[in-house]
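> just need the structure, nothing else, for what follows:
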Amino acid sequence: MASGNTAAALEAIGLPVEHVETLTNSPEMLGGRVKTLHPRVHAGILARRDSPDDVATLEEHGIEPFDLVCVNLYPFEEVAGRRGVTEADAVEMIDIGGPSMLRGAAKNFAHCAPICRPAQYHDVLEELRANGGLSLDTRRRLAADAFAHSAAYEAAISTWFNAREHFPNSLVVSLEKVLDLAYGENPHQHAAYYAERGARRHLLSRVEQLHGKELSFNNLNDFSAARSLARELVLPACVIVKHANPCGVAAGGNVEEAYDKALASDPTSAYGGVVVLNREVEAPLAEKLAEQFVEVLFAPGYTEDALNALRRKKNVRILLDGERRAGEAGERSYKRVIGGMLVQDSDAEIDERDGWQVVTGELAEPQWGDLAFAWRVCKHVASNAIVLAKNLQTIGIGAGQMSRVDAVRIAVEKAAEFGHDAAGSSLASDAFFPFPDGPQIALEAGTTAIVQPGGSRRDEDVIAAVGAAGAAMVFTGRRHFRH
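Next up, the predicted model:
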């Protein structure tokens, strides 16, 4: 039994079908808005076969029970997401009867099977052919899928209606599984990757794995951090991330030079890291990468010779970037807390130097470049965050410290550990310096330019200390905490 276009489609391929109006004794009305919303339909779906009263009611009214309900909901998300779609056209794609029938069948799963997605058809048909019916476990699983499917559908509609509200009173986030992961943060934890339903893009959209082991939770967490930072770099660049923090970032005349500089930033921390490149990988660079222990490698292309060299390392996960659109504007950020979520806008940056204020000293153009580079990297480092940069290369990073002074000290010590000369370096701080002691450590190491938000009650003391050292400092008026 079918209604409207479904019945017509079945007849067109030669399948016998009974139109729903023969059951309801009522024609479709209101342009198809009302066709299955009828007691004779829903009684057949909801009747309990083990209830004498329900069976007697069906017999009294001449209603046959339904064993299976198969519904493809109207394509609301597809239509509402089209450019230029009218509100009226989107509203017509809000299915009413379909979700009602699915929910009814799911509620009565002990006697009726709900089918909500074409991906389910094969397994259902195979079980029907083999056993002549569906097991209770199968129907229970189908019921769970039906309620989740209906809930996600309603969530998409709610999100569309709430698009004018920045933070609506009710926020429904619907997630769809993309990938089962090898394991979670630790090997004893099971994990999967879910994408936000309706999102125009997500972490693994248009990403193809060419080689290597299954991706793990930590792989994707690091990959997300590295990819987000790499999107902000226009020149040939390399980002190396370990434990969700960049440990080496650089730009160069070509991507091989950028990789060499990024690796040299902190070769110890780079061991077992995620490497993201924004240019095609050719054979010479691939040979270098093959010498390193790399967990995940991501680039917009690989020559055949490069792939042959990289595939000698059987475990490295080689990912191909098929996306050409950068930026994350408009995305929300979600952070799980006990019993809830913290929700905020993504930390999208305005153009560098727009509103920046030089509060002491003078800056040459190369210093401006290093400050902008360090500031972009700093945004992606866990707070408290300090980035030392020189010639578009990170030479020291202090991440995730409770004290900003300690973060500066770690960044300076990292630079010295790997032989980087901090003389003439630039420093970025994700938040203001409350005292001159933090900048003083870097100034004594040779830093000549600092970028920070400003806004401390002791800004004048910090400005005086930087000026006395003959260095320059810029206030951005914007901080970049990342917890």
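> please count neighbours and contacts with C-alpha atoms only from this point.
Fine.
> any stretches of the chain with poor pLDDT?
Along the chain, segments meeting pLDDT under 70 span 31-32, 324-330, 349-352.
> ok, longest helix in it?
When the chain is parsed with DSSP state H, its longest helix is helix 136-161.
> which SSE is immediately downstream of that helix?
Sequence-wise, the next helix or strand downstream of helix 136-161 (DSSP states H and E) is strand 175-180.
> what's the angle from that following strand to helix 136-161?
120 degrees (axes from the mean of the first three to the mean of the last three C-alpha atoms, to 10 degrees).
> just the CA coordinates for whatever helix or strand comes next after strand 175-180, please, in PDB.
Downstream of strand 175-180, the first helix or strand assigned by DSSP H and E is strand 192-196. C-alpha atoms of strand 192-196 as PDB (Å, rounded to 0.1, in the frame of the first residue of the first chain):
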ATOM      1  CA  ALA A 192      33.700   6.900  16.600                       C
ATOM      2  CA  TYR A 193      33.700  10.100  14.600                       C
ATOM      3  CA  TYR A 194      30.400  11.900  14.100                       C
ATOM      4  CA  ALA A 195      29.800  14.900  11.900                       C
ATOM      5  CA  GLU A 196      27.200  17.500  12.600                       C
END
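> contacting residues around strand 192-196?
Taking contacts as C-alpha atoms under 8 Å, 6 or more residues apart in numbering, the residues outside strand 192-196 that touch it are 173-181, 183-184, 202-203, 217.
> chain center to the helix or strand hosting residue 101: distance?
Assigned by DSSP H and E, residue 101 belongs to helix 97-107. Taking C-alpha atoms, centre = their mean, to the nearest Å, the mean C-alpha location of helix 97-107 is offset from the chain mean by 31 Å.
> please identify which helix or strand holds the residue of the chain most remote from its centre.
In the chain, the greatest distance from the average C-alpha position (C-alpha atoms, centre = their mean) is reached by residue 60, at 54.6 Å. With secondary structure defined by DSSP H and E, residue 60 is part of helix 52-61.
> immediately after that helix, which helix or strand?
On the C-terminal side of helix 52-61, the closest following helix or strand by DSSP H and E is strand 68-70.
> who does that following strand pair up with?
As defined by DSSP bridges, the strand partners of strand 68-70 come to strand 113-115 (parallel).
> name the residues that touch the partner strand?
Contacts to strand 113-115, defined as C-alpha under 8 Å, 6+ apart, come from residues 67-71, 102-103, 105-106, 121, 134, 139, 142-143, 146.
> repeat the analysis, applying 6 Å as the threshold.
For strand 113-115, the external contacting residues (C-alpha atoms under 6 Å, 6 or more residues apart in numbering) are 68-70, 102, 105-106, 139, 142.
> could you redo the contacts of strand 192-196 as CSV and give each row distance to residue 281 and neighbour count?
CSV is the format used below for the contacts of strand 192-196 (distance: C-alpha to C-alpha, whole Å; neighbours: other C-alpha atoms under 10 Å):
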residue, distance to residue 281, neighbour count
173, 37, 14
174, 36, 20
175, 34, 15
176, 32, 14
177, 31, 11
178, 27, 13
179, 26, 15
180, 28, 15
181, 27, 17
183, 29, 17
184, 30, 17
202, 23, 15
203, 21, 15
217, 25, 21
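> quick check: buried residues in the longest helix of the chain?
Applying a neighbour-count criterion of 16 or more other C-alpha atoms under 10 Å, one finds 138-140, 142-160 buried in helix 136-161.
> what does stretch 453-460 give?
If you call a residue buried by 16+ other C-alpha under 10 Å, then stretch 453-460 has these buried ones: 453-455, 459.
> what of stretch 15-27?
Neighbour counts over stretch 15-27 (16+ other C-alpha under 10 Å) mark 19-21, 23-24 as buried.
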